[in-house]
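Please find the sequence and the predicted model below.
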Amino acid sequence: MNVLVTGILSEKAAQRLNQIATVDTYESDDALSEEQVVARLDGKNALVCLLGDKIDARLLDKCPDLKLVANVAVGYDNIKVADATSRGVLITNTPGVLDNATADLAFGLLLSAARRIGESDRFVRAGKWQGWSRDLMLGQELNGKTLGIIGMGRIGKAFAKRAQAFGLKIIYTKKSSDQSKESELKESFDADKVDLDSLCERSDFISIHCPLTPATRHLVGSAQFAKMKSDCVLVNTSRGAVIDEAALVEALSTNRIAAAGLDVFEREPEVSPGLLKLENVVMTPHIGSASQETRDAMDELAISGLISAFENKCPKNAVNPEAWDAFVKRLKK
Ligand code: GLV
């Protein structure tokens, strides 16, 4: 087997892959262009890629040997799954192993934005601190407030667990409707499912944990900001384009909402210049899953799925198991 890896893997995962395949690893942090990916995929059966790599019909048609794409991320909005499925290309992702790391970061952003930690840090560093003062950097306390979680999947639930310990009342939106899951969420977190309008109106804090799909692109825009409380704090660790970033700049700069904590941006790594000027936003560079343990586990899961597929077992982390039969047929050719 010949595999292209577009980022550095953990030593353990790299060793496992090297045992079964000839591996071409791209070791720079600068993203490869589409032409470079196509050139390096020549004659390769599998690609282990990152969320900056765009996989669509155009690329797939130029890489006829490619049979599997292992995305080292849980989100796979960088991949046109239907294009892959129709060509018998199996796609895998890394669900489950990054829930705690991402929920930790989201909670860090919530606390930072609500208690103005980023702003306070800049204030101290700038030598502006004159002494203790009663009203200096007054922020918002979490206990007793209402938290709205948009997208109550694995990461949303890990976030809810943390929120419970901080005394937050939880409401959420969830795309699928499943009575038994809703009862479970009620039992575990005393959490109530609501619609998006009601979540926007009722929440003191909102955290986004849904995937980016055509249905969730700009899910939060000016109409939603108009419904939010003026002291609402918004956190996003999912994908930037779930929020209309121009509308967010407007909402933050006019104090329509109080603050935001953002790990993801609509046109990464570009950040709207309007955000950079604002004090009431704390930003991190898409590091939701960036803990050593989690990154190792993501690499491990990506490589396990790849090995399993080439050993003729449909991996549990296949995003498009419906492509399995066509994948197997192509494998046997
Ligand atoms: C990171 O953003 C991921 O989707 O894993």
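Sure thing, it's come through.

Contacts only, for Val81.
91, 319-320 (C-beta atoms under 8 Å, 6 or more residues apart in numbering). Where you see a C-beta, it was placed from the backbone N, CA and C, and this is true even at glycine.

And Arg267, by the same measure?
Here Arg267 is in contact with 240, 245 (C-beta under 8 Å, 6+ apart).

That one and the ligand: what is the separation?
Distance, Arg267 to the ligand, using C-beta to the nearest ligand atom, to the nearest Å: 15 Å.

Any chance of the backbone angles for that residue?
Main-chain dihedrals, Arg267, degrees, to the nearest 10: phi -130, psi 60.

on that earlier part again, highest neighbour count among the contacts of Val81?
Ile91 (25 neighbours; other C-beta atoms under 10 Å).

Okay, and that one sits in which element?
strand 90-92 (DSSP states H and E).

packing partners for that strand?
Based on contacts counted as 3 or more C-beta pairs under 8 Å, 6 or more residues apart in numbering; DSSP states H and E, the elements that strand 90-92 packs against are strand 68-71, helix 81-86, helix 292-310.

about what we covered before: tabulate the contacts of Val81 (TSV), appending distance to the ligand and pLDDT.
As requested, the contacts of Val81 are exported to TSV (distance: C-beta to the nearest ligand atom, whole Å; pLDDT from 0 to 100):
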residue	distance to the ligand	pLDDT
Ile91	13	98
Val319	12	98
Asn320	17	98
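
Next to the ligand, which bits of the stretch 1-150 of the chain? Give me the list.
51, 73-75, 98 (C-beta under 6 Å from any ligand atom).

any idea how far the residue nearest to Pro321 when sequence neighbours are not counted is from Gln179?
Residue nearest to Pro321 in three dimensions, not counting chain neighbours: Cys314, with 5.7 Å by C-beta to C-beta, 6 or more residues apart in numbering. Distance of Cys314 to Gln179, computed by C-beta to C-beta, to the nearest Å: 29 Å.

Give the residue from the two that has the larger number of neighbours.
Per other C-beta under 10 Å, whichever of Cys314 and Gln179 has more neighbours is Cys314, with 17 against 7.

Touching, Asp190 and Ile170? I think so.
Yes - if you go by C-beta atoms under 8 Å, Asp190 and Ile170 touch, sitting 6.9 Å apart.

Could I get the full set of strands for the chain?
Counting by DSSP state E, the chain has strands at residues 2-5, 22-25, 46-49, 68-71, 90-92, 146-150, 169-173, 192-193, 205-208, 233-236, 259-262, 281-283.

Adjacent strands (with direction) for the fourth one?
Yep, that's strand 68-71 we're talking about. strand 46-49 (parallel), strand 90-92 (parallel) (DSSP bridges).

and Gly108, what does it touch?
Gly261.

what pLDDT does it get?
Looking at Gly108, its pLDDT is 98.

and the gap between it and the ligand?
Plainly put, Gly108 is 16 Å away from the ligand if you go by C-beta to the nearest ligand atom.

again with Lys313
Taking C-beta to the nearest ligand atom as the measure, Lys313 falls 24 Å from the ligand.

give me the number of residues near that residue?
There are 11 residues near Lys313, going by other C-beta under 10 Å.

Over to the one 4 residues further on?
For Asn317, the tally of surrounding residues (other C-beta under 10 Å) stands at 23.

re earlier: nearest to Leu142, out of the helices and strands packed on strand 90-92?
helix 292-310 (24.5 Å; C-beta to C-beta).

List the buried residues of that closest one.
For helix 292-310, burial by neighbour count (16 or more other C-beta atoms under 10 Å) applies to 294-310.

partners of the residue nearest to Gly118 when sequence neighbours are not counted in the sheet?
In this structure, Gly118 finds its nearest non-sequential neighbour in Val282, 3.8 Å apart by C-beta to C-beta, 6+ apart. Taking DSSP bridges as the rule, Val282 bridges to Gly261.

who's in contact with Val282?
109, 112-113, 117-119, 259-262.

circling back to that earlier point, ok, so of the residues of the stretch 1-150 of the chain next to the ligand, who is nearest Glu201?
Closest to Glu201, out of all of these and judged by C-beta to C-beta, is Gly75, at 27.8 Å.

Now the phi/psi pair for that closest one, please.
Taking degrees, to the nearest 10 as the convention, Gly75 sits at phi -80, psi 140.

In the stretch 101-250 of the chain, what residue spans correspond to helices?
117-125, 154-165, 179-189, 196-202, 222-227, 245-253 (DSSP state H, counting those that start in this stretch).
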